[in-house]
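K.L.:
okay, predicted coordinates and the sequence, questions at the end:
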Amino acid sequence: METNRYAPPQAVVADLTKVPLKRRSVLLMILFSLVTLGLYYPVWFLRRRTALNQLDSPRKLQQWPFIVVIAWFVFQFFLGVAVGVARGTGSGELIGENAQMVLTGVRLLMGILLVIQCFFVKDILEDDFAGPDDQPAAPLSAAPVTLSGVLTFIFGIFYLQYAINRHLAESTPA
């Protein structure tokens, strides 16, 4: 069989499409959350979703929960503007008490959805920090990497970013 000497070389090339997790300032994240009135929270997930999905874990983040939460934020903003305008013109309550209870229930569901996503990211990070599947998780003397469920529940993305920053600092050679 004759080979084409003008053909491009056949070599194994590293995957350059992999998006690495990056170190971010947790204090800056808190500032962004305050300035955006909480909108940064689902944006944090969307910005890191590709890198998190490329980690060594069978669990992957879907995009739809964060799109739903952002749409909810936008809906609440415009509803708040409409209620403010209606009160300013003296037209009374724009929505009734029952609708207010439904909106409060949906707000609670959106919060629960974000907490669940925080625990998905916690599981993804634990899987990746433990090492590849084909090697033992850790030497006999070392405990497997576990992140705190309590801190994940209380601090959410801020604790997860702290764990990412800490892992990047430990994995970077000095």
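P.N.:
Here it is on my side, so go on. Residues are numbered from 1 along each chain as shown.
K.L.:
pull out the buried positions in the longest helix anywhere in the chain.
P.N.:
Longest helix in the chain by number of residues (criterion: DSSP state H): helix 97-130. Buried residues in helix 97-130, counted by 16 or more other C-beta atoms under 10 Å: 110, 113-114, 117-118, 120-122, 124-130. Placement of C-beta: from N, CA and C, glycine included.
K.L.:
those: which two are farthest apart?
P.N.:
Met110 and Ala130 (31.1 Å; C-beta to C-beta).
K.L.:
Arg49 reaches Ile67, doesn't it?
P.N.:
No: with contact defined as C-beta atoms under 8 Å, Arg49 does not reach Ile67; the gap is 11.0 Å.
K.L.:
if you count what's nearby, which of those two comes out ahead?
P.N.:
Arg49 (18 against 12; other C-beta atoms under 10 Å).
K.L.:
for that one, which non-adjacent residue is closest in space?
P.N.:
Among residues not flanking Arg49 along the chain, Leu61 sits closest, at 4.9 Å (C-beta to C-beta, 6 or more residues apart in numbering).
K.L.:
got it, and Tyr162?
P.N.:
Tyr162 sits nearest to Val26 (C-beta to C-beta, 6+ apart), 5.5 Å away.
K.L.:
where in this structure is pLDDT low?
P.N.:
1, 12-18, 88-94, 133-144, 172-174 (pLDDT under 70).
K.L.:
again, only this time at 90
P.N.:
1-21, 56-57, 78-100, 128-146, 167-174 (pLDDT under 90).
K.L.:
give me the most central residue, it.
P.N.:
What sits nearest the mean C-alpha location of the chain, by C-alpha atoms, centre = their mean, is Phe45, with 2.3 Å.
K.L.:
so Phe73 is in contact with Val43, correct?
P.N.:
No: at 9.8 Å, Phe73 does not count as touching Val43 under the criterion of C-beta under 8 Å.
K.L.:
what is in contact with those two at once?
P.N.:
Counting by C-beta atoms under 8 Å, 6 or more residues apart in numbering, Phe73 and Val43 have no contacts in common.
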